[in-house]
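S.K.: I'd like to go over a predicted model; first the sequence, then the structure.
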Amino acid sequence: MASEKVYDCIIIGAGLSGLVAARNLYRNGSDILVLEAQDRIGGRMVGKSLPSGQWIDQGGQWVGPTQDRFLNLLNEYKVKRFPTPSTGLKVLVFDGKRFEFDGFFQGHYEGEVPGVSKEEWLDATEAWTKFKKLSDELPEGHPFSGDKIEDLDSDTLERWIKDNTKTKFGHWYFSYMCRAVGFSGPSEPKEVSLLHALWGEKIASQSENPEAELLHGGAGQLPEKIASEFSSKIKINEPVHTISYGNGKVEVISQVSSYKTKYVIIAMPPHLAGHILYQPSLPALREQLTQRIPMGTCAKVLVSYKSPFWRKKGLAGIAIGNNKWVELCADSSDPETGVGVIAAFVAGDRYRKWQTLSESQRRDAVISDLKIYFGDEAGSYETFDEVNWPTNPWTGGGYTCFMPPGVWSSMGQALSSSIGPIYWAGTEMSDRWPGFFEGAIRTGEAAASDVMKLLE
Ligand SMILES: Cc1cc2nc3c(=O)[nH]c(=O)nc-3n(C[C@H](O)[C@H](O)[C@H](O)COP(=O)(O)OP(=O)(O)OC[C@H]3O[C@@H](n4cnc5c(N)ncnc54)[C@H](O)[C@@H]3O)c2cc1C
Ligand SMILES: [Mg+2]
């Protein structure tokens, strides 16, 4: 049922980015409509409550001190934060050897060094210093032009790691950073452009401590809070499949209806924006770009316990290592509930093997790794939730996208340029904290502000 009404702006995608764009336009008095494909809003910002009263975040959960837009949003909606639990010894498991140590190393180093050999440690840290220097030298903004860009973009991260590390530990450490921590993605180092990994470190660095704090009640509570002022403007269960934008008229066609509008903000990962049919077709560069931007490969698993049992053993609940399935897990327990929660990640090639297992095998696989990290008590869990992001067709993976070799330097300029009445938002578009909540907010704000200027 097409209506004759013409909206000022239609926002497609009710993740954090689309919700922020919609809210800002709504507050400005614009006539908006939000169309969301899934039966809920929030996209990758989603959580649930466990029977114990503890919340878990199935998508993103952490915030760091330099993520100012996200911090502002949390203050505005009065969502309280607490320091990510980290007191106690961290665990490193490397090639079956288990080390407890009073320090940390994830791009930046603090405290005690884990018990690997001096040669292994120096290999990893010296290579990291080189990597960091190359990363610092990149120009500001999206990395599609400038000195060395083509050169750096023609290599994989894997090639660079092989050329710059000598030990198996050094090699694993970099691969782990790429797979478990990010540089956007996560991805295997063989899949990602060296340029993209360097850029990820520059604009979203672990040295800025993006996992410093967690939110009482979880990040998943935010979508409903943001949407509450304009909930009547949101339609869920309405995947958009076509946008016609010729002759100054814009028509947005969903599986349910069609709508006319002056402007559109598309707030979703680029590969999903590429699934929409555009009439007339988009410029060649943009069309080809969205064919080349894959989402990262990971599942997030949340395991809850009566209490954080690891603390009695002097452990922090933070563990990393080249175990068979889980290379990273972190204490995500809210001190107000007393419940213990470990968030564990299965990523890259490990994920691709893991997802061929049956449900009970997948559970046993994760739990057996948690036992290696934290002891047999890890087997006595209360709840087990796996969130298999690559199987959600309205996300396609997680945490975010990454660029394979050659994409940034050949067509990166098409990533965020608007096309006629069509504006792009979504964390993937950001040149600061892409792949984080912060990037989603920044691009949502920017798209709304561009459209507001045109509506004035
Ligand atoms: C496991 C995991 C852990 C993470 N951890 C953190 C963290 O700790 N801290 C952090 O800051 N970030 C984290 N992130 C990233 C963070 O969740 C995202 O950056 C952010 O939520 C993205 O918001 P968005 O609005 O850009 O995209 P999305 O949330 O993906 O929203 C896009 C929306 O568009 C909808 N959509 C898609 N196609 C269509 C269509 N054709 N028609 C209509 N609607 C459509 C989708 O259903 C979705 O709701 C994590 C992500 C994951 C998956
Ligand atoms: Mg979201």
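M.R.: Done, it's in. Ligands and ions are numbered 1, 2, ... in the order given.
S.K.: Which helix or strand contains residue 299?
M.R.: strand 298-305 (DSSP states H and E).
S.K.: contact partners of the helix or strand following that strand?
M.R.: Next along the chain after strand 298-305, taking DSSP H and E as the criterion, comes strand 315-321. By Cβ atoms under 8 Å, 6 or more residues apart in numbering, the list of residues contacting strand 315-321 from outside reads 85-94, 98, 100, 104, 106, 176, 180, 308, 310-311, 327-331, 333, 340, 342, 372-374. The way it works is simple: take the backbone N, C-alpha and C, and place the C-beta from them, glycine included.
S.K.: Filter these down to the buried ones and express that as a ChimeraX selection.
M.R.: The buried residues among those can be selected in ChimeraX (16 or more other Cβ atoms under 10 Å) with this line:
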select :85,88,89,90,91,92,93,94,100,104,106,176,180,308,310,311,327,328,329,330,331,333,340,342,372,373,374
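S.K.: For residue 220, give its distance to ligand 1.
M.R.: 10 Å (Cβ to the nearest ligand atom, to the nearest Å).
S.K.: Skipping its backbone neighbours, what lies nearest residue 80 in space?
M.R.: residue 216 (4.6 Å; Cβ to Cβ, 6 or more residues apart in numbering).
S.K.: right, and the helix or strand after the strand or helix carrying residue 410?
M.R.: Of the helices and strands defined by DSSP H and E, residue 410 is found in helix 407-411. Of the helices and strands lying after helix 407-411 in sequence (DSSP H and E), the nearest is strand 422-425.
S.K.: one step back: packing partners of the helix holding residue 410?
M.R.: Applying 3 or more Cβ pairs under 8 Å, 6 or more residues apart in numbering; DSSP states H and E, one finds that helix 407-411 contacts helix 149-153, helix 194-203, helix 284-289.
S.K.: longest strand of this structure?
M.R.: strand 258-267 (DSSP state E).
S.K.: Is ligand 2 within reach of that one?
M.R.: No. Applying Cβ under 5 Å from the ion, one finds strand 258-267 separated from ligand 2 by no less than 8.7 Å.
S.K.: The helix or strand following that strand and ligand 1, are they touching?
M.R.: Downstream of strand 258-267, the first helix or strand assigned by DSSP H and E is helix 270-273. Yes. Shown here: helix 270-273 in contact with ligand 1 (Cβ under 6 Å from any ligand atom) through residue 272.
S.K.: Rounded mean pLDDT for helix 270-273, please.
M.R.: On average, the pLDDT along helix 270-273 is 98.
S.K.: Now look at that helix and say if it contacts ligand 2.
M.R.: No. Under the criterion of Cβ under 5 Å from the ion, helix 270-273 makes no contact with ligand 2; the nearest approach is 12.5 Å.
S.K.: Can you give the contact residues for the helix or strand that that helix is followed by?
M.R.: Following helix 270-273 in sequence order, the next helix or strand is strand 277-279 (DSSP H and E). Applying Cβ under 8 Å, 6+ apart, the contact partners of strand 277-279 are 241, 242, 243, 244, 245, 246, 422.
S.K.: residues in contact with the fifth one?
M.R.: By Cβ under 8 Å, 6+ apart, the contact list for residue 245 reads 251, 264, 278, 279, 280, 420, 421, 422.
S.K.: same check, this time on the first one
M.R.: Residues touching residue 241, when contacts are defined by Cβ under 8 Å, 6+ apart, comprise 253, 254, 255, 275, 276, 277.
S.K.: Let's verify it: helix, strand, or coil?
M.R.: strand (DSSP: H, G, I helix; E, B strand; the rest coil).
S.K.: Which single residue of this structure ends up nearest ligand 2?
M.R.: Here the chain gets closest to ligand 2 at one residue, residue 15, 2.9 Å apart by Cβ to the ion.
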